[in-house]
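>>> Structure, please.
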Amino acid sequence: MGKMETNVKKREQWGKKREFILAAAGNMVGLGNVWRFPYLCYKNGGGVFLLPYCFFAVLCGVPLFLLETVIGQYTQEGSLTCWTKICPLAQGTGYSIIIIQLYSRVYSIILAWALLYLIYCFRDPLPWATCNNPWNTDSCVDLTSANWTAKHSGNLTSNWTAGNLPKSSVSLFWEREVLSMSGGIEEVGTVKWKLLLCLLACWVACYFCVWKGVRSTGKVVYFTAVFPYVTLAILLIRGLTLPGAWQGVVYYLYPDPSRLADFQVWMEACCQVLFSYGAASGTIITLGSYNKFNNNCYKDSLWLCLLNSGTSFVSGFAVFSVLGFMAHKQGIPINMVVESGPGLAFIAFPQAVALMPLPQLWAACFFIMLILLGLDTLFSGLETITSSVIDMFPGEMRRPWRREIFLLFFCSISFIIQISLTTEGGVYLFQLVDYYGANGSCLLFVSVVQCVAFGWAFGAERMCVAVEEMTGQRPSILFKLCWRYFTPLICLVCFITSFLDYKPLTSSGGYVYPNWAYYLGWAMALSSVVVIPIWAVGKICLTEGTLRQRLLVLWRS
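All right, here's what the predicted structure looks like:
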């Protein structure tokens with residue numbers, strides 16, 4: 001018996017403090033900072049969008065980030081088992097987080113897209129820059145052509161808005177070569193083998209980033225968390241030196257105070273804060289749980305949150321300076337080239353770099369940055385799932401090679417399931433899971449439950465004492481008020497509003513999904529929400545005593 005116990009490893013900890021800082025920074029600073037925040041600024045009032053963003057960052061983002069870091073460090077448990085030490089009645093929240101993380105594995109296809117683009121970056125000329133390719137159609141338009149710019153710059157705006165323009169070579173490369181888009185989700189089509197191999201490479205990379213736990217993750221983040229900042233700095237300097245760059249910067253930050261009266265602006269600011277801070281995803285709890293008990297997580301959290309928001313703001317200059325250059329080069333209004341999400345990363349930005357000298361270099365820098373930003377977030381989520389299973393079954397899972405075998409099995413199954421994303425109809429499935437399975441409404445609901453569990457059940461005052469016990473610093477009274485009142489109230493209002501303002505998913509080109517797809521989407525959205533009350537009811541039924549006694553036992557740890 002004693003020999004068996006010696007084979008069970010102790011729970012790991014970060015080798016050095018900076019490994020936690022880099023891992024947390026890599027998890028927080030992701031694709032949303034680059035392809036969503038700048039667009040939201042432009043769309044929602046320019047510089048004035050920073051007001052609602054900062055408002056929600058102070059009252060929601062920072063308190064939730066600190067809360068989750070403290071949870072992990074104080075309990076020394078992952079996102080699933082930490083609740084038994086805090087509020088057993090809310091343990092369903094841990095399962096809700098795992099369900100959201102399972103849906104979020106779908107984002108590995110974005111890495112596969114970026115990797116495929118990176119491989120194509122080594123061709124001269126760039127394949128999306130010309131119309132001399134097998135995937136192009138007769139209506140293909142080479143927007144890098146000087147003849148095109150001179151011929152159409154005068155009447156481009158009217159034609160663009162009228163929808164009369166042929167497809168650009170960049171759009172055709174994205175739709176016909178990378179995605180091979182079918183007519184809809186019901187038309188699955190064949191598997192794209194190039195994309196399949198890129199997806200396999202991404203899963204292999206994720207596996208080896210976390211297969212040894214924090215021993216491997218702590219070393220990997222030295223590169224994956226730092227190098228994106230190097231490439232972002234290179235792209236920023238290059239972008240600001242391009243002709244037309246400052247026109248783009250003005251569009252990015254030009255203030256429109258009237259937008260502050262639009263409730264939708266405030267909603268989008270709140271959702272962006274939660275997404276970019278990684279709130280309610282379980283990764284912050286997991287990364288914090290590997291800290292030493294007396295680590296100053298209070299100071300770490302404040303600096304990390306400042307770094308995250310600062311990166312979002314600065315990335316806007318890099319993105320919009322390049323878009324301003326593209327508008328200047330083609331002689332079109334900048335609002336014709338501004339996009340968000342995959343449209344920015346795989347259409348607008350590749351088109352812009354194709355117009356620059358040394359396009360292969362700048363394209364490679366951009367897609368390397370995208371891959372590393374996405375990789376950090378993905379393997380943090382993978383670590384969240386893995387550590388949760390290990391913490392649930394420590395006696396079995398902390399034996400030699402058990403972690404590696406489980407992780408290999410999980411990654412293999414995930415890859416096999418995601419082969420469907422590499423088919424001709426895969427992009428429609430990706431949009432469905434992204435829109436419903438890993439949407440902001442689920443994160444808002446989990447955030448509300450977390451605040452209630454820690455602000456009221458465990459107690460905000462006890463949280464402050466726990467922070468002081470670990471760090472020697474007592475957090476500001478603002479955090480206590482946020483955990484109990486401000487943060488849960490704001491998240492609850494936004495959660496309710498998101499349902500009242502619900503719009504069914506539609507794809508590009510006006511494609512409407514079949515009814516069964518919407519039913520599937522709602523099933524995914526509700527699966528991560530209903531598990532919380534179902535778990536609570538189940539625990540109440542299985543606990544002995546009167547109803548009052550059961551609630552008292554389960555409410556407080």
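>>> What distance do you get for residue 464 to residue 79?
The span separating residue 464 from residue 79 equals 22 Å under the rule C-beta to C-beta, to the nearest Å. Bear in mind the C-beta positions are built from the backbone N, C-alpha and C, glycine included.
>>> the more surrounded of those two?
Comparing residue 464 with residue 79 by other C-beta atoms under 10 Å, the one with more neighbours is residue 79, at 30 against 18.
>>> right, and that one touches residue 288 too?
No: using C-beta atoms under 8 Å, residue 79 is not in contact with residue 288, being 10.0 Å away.
>>> Mutual contacts of the two, please.
Common contact partners of residue 79 and residue 288 (C-beta atoms under 8 Å, 6 or more residues apart in numbering): residue 72.
>>> Residue 474: what's it in contact with?
By C-beta under 8 Å, 6+ apart, the contact list for residue 474 reads 464, 467-468.
>>> Equivalent analysis for residue 405, please.
Residue 405 neighbours (C-beta under 8 Å, 6+ apart): none.
>>> if I look at it, how far off is residue 412?
Separation of residue 405 from residue 412 (C-beta to C-beta) stands at 11 Å.
>>> can you check residue 257 too?
Distance of residue 257 to residue 412, given as C-beta to C-beta: 53 Å.
>>> so which strand or helix has the nearest residue in space to residue 30 that is not next to it in sequence?
Leaving aside its sequence neighbours, residue 30 sits nearest to residue 377 (C-beta to C-beta, 6 or more residues apart in numbering; 4.3 Å). Secondary structure from DSSP states H and E places residue 377 in helix 359-392.
>>> buried set for the next helix or strand after that helix?
Counting by DSSP H and E, the element after helix 359-392 in chain order, helix or strand, is helix 394-397. Under the neighbour-count criterion of 16 or more other C-beta atoms under 10 Å, helix 394-397 has residue 397 buried.
>>> any idea how far helix 394-397 is from the chain center?
Between the mean C-alpha location of helix 394-397 and the chain-wide mean there is a distance of 30 Å, by C-alpha atoms, centre = their mean, to the nearest Å.
>>> Same check on stretch 93-111?
On C-alpha atoms, centre = their mean, the centre of stretch 93-111 falls 10 Å from the chain's centre.
>>> CA-only coordinates of that stretch in PDB, if you can.
The C-alpha coordinates for stretch 93-111 follow below in PDB (Å, rounded to 0.1, in the frame of the first residue of the first chain):
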ATOM      1  CA  THR A  93     -20.700  25.700 -12.500                       C
ATOM      2  CA  GLY A  94     -17.500  23.700 -12.900                       C
ATOM      3  CA  TYR A  95     -19.300  21.200 -15.200                       C
ATOM      4  CA  SER A  96     -20.800  24.200 -17.100                       C
ATOM      5  CA  ILE A  97     -17.200  25.600 -17.600                       C
ATOM      6  CA  ILE A  98     -16.000  22.200 -18.900                       C
ATOM      7  CA  ILE A  99     -18.900  22.000 -21.400                       C
ATOM      8  CA  ILE A 100     -18.100  25.500 -22.700                       C
ATOM      9  CA  GLN A 101     -14.400  24.500 -23.000                       C
ATOM     10  CA  LEU A 102     -15.400  21.400 -25.000                       C
ATOM     11  CA  TYR A 103     -17.300  23.600 -27.400                       C
ATOM     12  CA  SER A 104     -14.400  26.000 -27.500                       C
ATOM     13  CA  ARG A 105     -12.100  23.300 -28.900                       C
ATOM     14  CA  VAL A 106     -13.700  24.200 -32.200                       C
ATOM     15  CA  TYR A 107     -11.400  27.200 -32.400                       C
ATOM     16  CA  SER A 108      -8.500  24.900 -33.300                       C
ATOM     17  CA  ILE A 109      -9.800  25.100 -36.900                       C
ATOM     18  CA  ILE A 110      -8.800  28.800 -36.900                       C
ATOM     19  CA  LEU A 111      -5.200  27.700 -36.200                       C
END
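>>> what mean pLDDT does that stretch have?
Stretch 93-111 comes out with an average pLDDT of 95.
>>> Check stretch 224-232 too.
The pLDDT scores in stretch 224-232 average 93.
>>> quick one, what contacts residue 487?
59-60, 63-64, 447, 451, 455.
>>> In helices only, show me the residues you listed.
Within those, residues falling in helices by DSSP state H are 63-64, 447, 451.
>>> Mind putting the contacts of residue 474 into JSON lines with secondary structure and distance to residue 219?
Shown next, in JSON lines, are these (DSSP: H, G, I helix; E, B strand; the rest coil; distance: C-beta to C-beta, whole Å):
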{"residue": "464", "secondary structure": "helix", "distance to residue 219": "35"}
{"residue": "467", "secondary structure": "helix", "distance to residue 219": "29"}
{"residue": "468", "secondary structure": "helix", "distance to residue 219": "33"}
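>>> what's the closest of those residues to residue 346?
Checking the contacts of residue 474 against residue 346 by C-beta to C-beta gives residue 467 as the nearest, at 42.7 Å.
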